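1. task: produce atomic coordinates for the following.
(chains A, B, C and D)
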Number of protein chains: 2
Amino acid sequence: MKQILLDFISKYITLTEEEEGVIGGSNVFRTVKKGTNLLKHGQTSDVEYFVLKGCLRTYYVVDGEEKTTAFYTEMEGVTPHCVISKKPSDYYISCVEDSVITVSNRDMDAEIFDKFPKFETLCRLMSEDLFAKQQISFDEFRISSPEQRYLNLLEKRPDLIQRVPQYQLASFLGMKPQSLSRLRARILDKSRSNVYLDSLIEN
Amino acid sequence: MKQILLDFISKYITLTEEEEGVIGGSNVFRTVKKGTNLLKHGQTSDVEYFVLKGCLRTYYVVDGEEKTTAFYTEMEGVTPHCVISKKPSDYYISCVEDSVITVSNRDMDAEIFDKFPKFETLCRLMSEDLFAKQQISFDEFRISSPEQRYLNLLEKRPDLIQRVPQYQLASFLGMKPQSLSRLRARILDKSRSNVYLDSLIEN
DNA sequence: TTCATTTCTTAACTTAAGTGAACGAATTTA
DNA sequence: TAAATTCGTTCACTTAAGTTAAGAAATGAA
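-> Reported below is the predicted structural model:
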């Protein structure tokens, strides 16, 4: 189990055995049941999570409605805003499936960074990388229509469409569940008529 | 001019005079005319920018149409994706107004981080902070309607609405220029009728 | 200043998303 | 297993955004 975490880290830097020990020591492995809330609106926290198996999601509640803004699956880490801002969280983090995660305290900072500067390099590289990836996602979201967003997700994260309830996907795609349902029917219609047209071309 | 940059950095860490010297030495100050492209689609680059005065924007060209995804104004830095990914850029960076910027080479990395570990701390803190802020912006964008996004921008970045052409704002808000124009007219209508209703209540 | 180009607005029409409600299917709970 | 709840789909209707086109306003260049 610990190996998944170390594999992930090895994408950024290589660790000595001593350093791997530090990682192992500062992480707690935990299994979480589907539906569990790891963080609630209004709470503060100083821990971050890394998903070894399963799926987490973040969502806001606006006018009594859940608005899902992110999913985290295998080999993805979540640092709640409140850990960085030190303010109460605006959103919830909950478990979409039974999951195995690591919970690590963010206050390793100063001391560990001092003893093992490599960890600061790791954090910098990961932050820069995540920032760049997030920016690309944001750009794509901005310049796409809801339909393009859905098709894009279908291509890039087909697993999410299988493992996540539709109503959660809908707000993630920036629309209502009914609209997503209709959109899917529309796409199916189109591809059916394309199959028909394609068969005309064949003959 | 250099002071603006140092003021910005002081939001994250405090620097000794020697360290300020390093910053001063590794940054080139440059004035750029409105309309200039600092980076074009397909180009690679290893420099990042920091805006001292003026406004930069990033945009994609999709089917011959400009899609603006970000604006950078005073005290904001831009690290093009291609600097991190080392691949040709997917987008353009250009100058919305005559501007004064710093251009700094990203290859200070290893050597300077080694001599002045504080700079790695600076980069880590800035990346984490930017990541968190971008995430909040993305979340807000996701859970808002185009109209809410416009009102939100009006509140948070009223300067942008003044200094940036509408057609650039439109794609930034995820819509067509005509829709933005209509939306603005709609909002004005609403507020006019509210003023009218308000005056009824007064009497 | 004048002309040319770009940008913004308006309008009519089309397409798609929001809303409210109903219903069946799936899942959870007792 | 049965009842209750949650979830997904469909429908009719409303609202808003996309599209195409025309013209006014602002901007830039000669």
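2. up against DNA strand D, what does chain A have?
-> Residues of chain A found near DNA strand D (CB under 7 Å from any atom of the strand) are A:145, A:165-167, A:177-178, A:180-182, A:184-185. Placement of C-beta: from N, CA and C, glycine included.
3. once you drop chain neighbours, what's closest to the residue nearest the centre of chain A?
-> Closest residue to the average C-alpha location of chain A: A:Tyr72 at 2.4 Å, with CA atoms, centre = their mean. Excluding the flanking residues, the one nearest A:Tyr72 by CB to CB, 6 or more residues apart in numbering or on different chains is A:Leu56, at 4.5 Å.
4. and the pLDDT at that neighbour?
-> Per-residue pLDDT puts A:Leu56 at 96.
5. A:Ser26: how many residues sit nearby?
-> For A:Ser26, the count of nearby residues is 14 (other CB atoms under 10 Å in any protein chain shown).
6. isn't it up against A:Asn105?
-> Yes. Counting by CB atoms under 8 Å, A:Ser26 touches A:Asn105, with 7.0 Å between them.
7. what segments of chain A are helices?
-> Assigned by DSSP state H, chain A shows helices spanning A:2-9, A:17-25, A:81-85, A:109-115, A:117-143, A:146-156, A:158-163, A:166-172, A:177-202.
8. using a markdown table, lay out those helices together with mean neighbour count.
-> Formatted as a markdown table, the helices of chain A follow (neighbours: other CB atoms under 10 Å in any protein chain shown):
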| stretch | mean neighbour count |
| --- | --- |
| helix A:2-9 | 14 |
| helix A:17-25 | 13 |
| helix A:81-85 | 18 |
| helix A:109-115 | 13 |
| helix A:117-143 | 19 |
| helix A:146-156 | 14 |
| helix A:158-163 | 12 |
| helix A:166-172 | 19 |
| helix A:177-202 | 11 |
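9. who wins for proximity to B:Gly42 among those?
-> B:Gly42 lies closest to helix A:117-143 among the helices of chain A, at 16.4 Å (CB to CB).
10. same for that closest one, what does it pack against?
-> When contacts are defined as 3 or more CB pairs under 8 Å, 6 or more residues apart in numbering or on different chains; DSSP states H and E, helix A:117-143 sits against helix A:17-25, helix A:109-115, helix A:146-156, strand B:55-62, strand B:65-73, helix B:81-85, helix B:117-143, helix B:166-172.
11. related to what we said a few turns ago, let me have the helices of chain A in TSV, adding mean pLDDT as columns.
-> Output for the helices of chain A, formatted as TSV (pLDDT from 0 to 100):
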stretch	mean pLDDT
helix A:2-9	86
helix A:17-25	87
helix A:81-85	91
helix A:109-115	81
helix A:117-143	93
helix A:146-156	94
helix A:158-163	93
helix A:166-172	95
helix A:177-202	77
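12. OK, contacts around the closest residue to A:Val83 other than its chain neighbours?
-> Here the nearest residue to A:Val83 in space, its sequence neighbours aside, is A:Arg106; by CB to CB, 6+ apart that works out to 5.2 Å. Contact partners of A:Arg106, counting by CB atoms under 8 Å, 6 or more residues apart in numbering or on different chains, are A:46-48, A:79, A:83.
13. for these, pick the one with the most neighbours.
-> Using other CB under 10 Å as the neighbour criterion, A:Thr79 leads the contacts of A:Arg106 with 22 neighbours.
14. if we can go back for a sec, restricted to strands, list the contacts of A:Arg106.
-> Residues of the contacts of A:Arg106 located in strands (DSSP state E): A:47-48.
15. farthest-apart pair in the contacts of A:Arg106, please.
-> A:Asp46 and A:Thr79 (10.2 Å).
16. quick one: A:Ser85 from A:Ile112, how far?
-> Shown here: A:Ser85 relative to A:Ile112, a distance of 22 Å by CB to CB, to the nearest Å.
17. so which residues on chain A come close to DNA strand C?
-> By CB under 7 Å from any atom of the strand, the part of chain A that sits against DNA strand C consists of A:34, A:145-147, A:174-176, A:178-179, A:182-183, A:186.
18. let's see 6 Å
-> Listed as neighbours of DNA strand C in chain A under the rule CB under 6 Å from any atom of the strand: A:145-147, A:175-176, A:178-179, A:183.
19. how about chain A: which residue is closest to chain B?
-> A:Ser127 (3.6 Å; CB to the nearest CB).
20. please name the nearest non-neighbouring residue to that residue.
-> Nearest residue to A:Ser127 in three dimensions, chain neighbours excluded: B:Ser127, at 3.6 Å (CB to CB, 6+ apart).
21. and the one you found, how far from DNA strand C?
-> 33 Å (CB to the nearest atom of the strand, to the nearest Å).
22. before we move on, the earlier item: do you know which of the helices and strands packed on helix A:117-143 lies nearest A:Gly64?
-> So among the helices and strands packed on helix A:117-143, helix B:117-143 is nearest, using CB to CB, at 13.4 Å.
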